[in-house]
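Novice: show me how the following folds:
(2 chains)
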Amino acid sequence: MLFTVILYVAAAACLAVSFVKDRRKTRQALVKAWKAFERILPSILGILLLIGLLLAMLSPETISAVVGSESGVLGMAAASLAGSITLIPGFVAFPLAAALLSSGAGVMQIAVFISTLMMVGVATVPLEIQVMGRKATVARNALAFVFSYAVAFVIGAVMG
Amino acid sequence: MKGWKLLKRYAFLLAMVVASAAVWIAAPDVGQKAAAAAWDNTLQLLSVVPPIFVLIGLLDVWVERRTMVRFMGGGSGIKGALIAFILGSATAGPLYIAFPVAAMLMKKGARLFNAFVFIGAWSTTKFPLLLFEASELGWRFMLTRFAVNIAGIVLIALVTEKLLSESDVAQIYARAEKTDA
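Specialist: Below you'll find the predicted structure:
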């Protein structure tokens, strides 16, 4: 993706400037970068395995069966739960959502699914707690979950 | 590092390895699918990890605390929140990479509210994804969600900050200090 390329160019440029200005500090920065990554590495590896398990069990086909047409409030509840526990990258989720919409899924179900998918991360809670603490992590995820319903209702009103 | 601390750090990973192995043995086809999905996500993650962590390291070494306090600290007001919003939106990578970055911002003196705005923006208003969202689901869907999200990000940040006691906040900053320890 273009932004990943921009990110690499930006990081490389900053690194080059830093290297020219002060080699010792640059070395120090790279050691810090590695340590910051190493600190969260065990959590990240665990999360990657968990995502794999969740995606294998909650396939797009399973999700589409649940939020299909006429699924109503129950469909929204299921969609928000699926969105909260799965971690599908955006470039997979948006085409999936578009496909579901064209095959008759409700726009509110899709909206709540997209919103929880992006904002609520049950699978990544261990890592979030490691940085933000238990209380802030629970609060942020719970608020984002409730907020996703508000998003869905507004989108339902605007699109419907 | 003390033994129990090491164990705590690896407990979740160990549990996931055991769970994955159990699934693989019980249902090899599901296990294979899980492994493929995990591998896909690993590759995707590895593609964004190097630049982001290099930037974290450079930020730590070069940006002075008072600079960060001026731009995103307690007195930075709307300007600070706006910077946090743009920083969070102009990135790539999954949400869980945002947490170590937020920790570094706080270590350098960013206000907690701005750290939450940063995380909120990273989670749901990433600019490159917005364009993609518009092309898949239409401009109306994307713009409505974007507008509601701006209010939501601020609201969630405000309420979360209000819910935390002084000692909760102190603990978060103490943890942020140890980002590279």
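Novice: could you identify the longest helix within chain A?
Specialist: Taking DSSP state H as the criterion, chain A has its longest helix at helix A:23-57.
Novice: so what's the gap between that helix and the chain middle?
Specialist: 16 Å (C-alpha atoms, centre = their mean, to the nearest Å).
Novice: can it be said to contact chain B?
Specialist: Yes - between helix A:23-57 and chain B, judged by C-beta under 8 Å from any C-beta of the partner chain, the touching residues are A:25-26, A:28-37, A:39-40, A:42-53, A:55-57. Using the backbone N, CA and C atoms, a C-beta is placed for each residue, glycine as well.
Novice: got a quick PyMOL command for the buried subset of these?
Specialist: Selecting only the buried entries of the residues of helix A:23-57 next to chain B in PyMOL, with 16 or more other C-beta atoms under 10 Å in any protein chain shown as the criterion:
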select buried, chain A and resi 26+28+29+30+32+33+35+36+37+39+40+42+43+44+45+46+47+48+49+50+51+52+53+55+56
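Novice: counting by contacts, list what the worst-scoring helix or strand of chain B on mean pLDDT packs against.
Specialist: Within chain B, no helix or strand scores below helix B:127-137, which has a mean of 85 by mean pLDDT, DSSP states H and E. Here helix B:127-137 touches helix A:2-21, helix A:90-102, helix A:107-119, helix B:139-163, going by 3 or more C-beta pairs under 8 Å, 6 or more residues apart in numbering or on different chains; DSSP states H and E.
Novice: now, of those helices, which is deepest in the fold?
Specialist: Comparing those on average neighbours per residue, with mean count of other C-beta atoms under 10 Å in any protein chain shown, the densest one is helix A:107-119 at a mean of 27.
Novice: chain center to it, what's the gap?
Specialist: Put simply, helix A:107-119 sits 11 Å off its chain's centre (C-alpha atoms, centre = their mean).
Novice: chain B: helices as residue ranges?
Specialist: Remark: helices assigned in chain B by DSSP H are B:3-26, B:28-62, B:65-72, B:77-89, B:98-107, B:112-124, B:127-137, B:139-163, B:166-177.
Novice: shaky segments in chain A?
Specialist: Filtered on pLDDT under 70, chain A yields the residue ranges A:1, A:59-60, A:63, A:68-70, A:91.
Novice: isn't residue A:3 up against residue B:132?
Specialist: No - counting by C-beta atoms under 8 Å, residue A:3 does not reach residue B:132; the two are 10.6 Å apart.
Novice: so what's residue B:157 up against?
Specialist: Residue B:157 makes contact with B:113, B:116-117, B:120, according to C-beta atoms under 8 Å, 6 or more residues apart in numbering or on different chains.
Novice: what of residue A:44?
Specialist: Per C-beta under 8 Å, 6+ apart, neighbours of residue A:44: A:127, B:45, B:96.
Novice: poorly predicted segments of chain B, please.
Specialist: For chain B, the stretches with pLDDT under 70 are B:1-2, B:180-181.
Novice: how many neighbours does the closest residue to residue B:161 other than its chain neighbours have?
Specialist: The shortest distance from residue B:161 to any non-neighbouring residue, by C-beta to C-beta, 6 or more residues apart in numbering or on different chains, is to residue B:113 (5.0 Å). Using other C-beta atoms under 10 Å in any protein chain shown, residue B:113 is surrounded by 20 other residues.
Novice: report the separation between residue B:113 and residue B:158.
Specialist: 7 Å (C-beta to C-beta, to the nearest Å).
Novice: do residue B:121 as well
Specialist: Relative to residue B:158, residue B:121 is positioned 14 Å away (C-beta to C-beta).
Novice: that older thread, quick one: which of the helices of chain B is nearest residue A:62?
Specialist: Distance to residue A:62, taken as C-beta to C-beta, is lowest for helix B:28-62 among the helices of chain B, at 11.9 Å.
Novice: now do the domain split for chain A, please.
Specialist: A:1-45, A:58-159 (automatic domain parsing).
Novice: okay, which residue is most central for the chain?
Specialist: Let's take chain A. Centroid-nearest residue in chain A, with C-alpha atoms, centre = their mean: residue A:118, separated by 4.1 Å.
Novice: wrong one, I was asking about chain B
Specialist: Geometric centre of chain B, nearest residue: residue B:98, 2.0 Å, by C-alpha atoms, centre = their mean.
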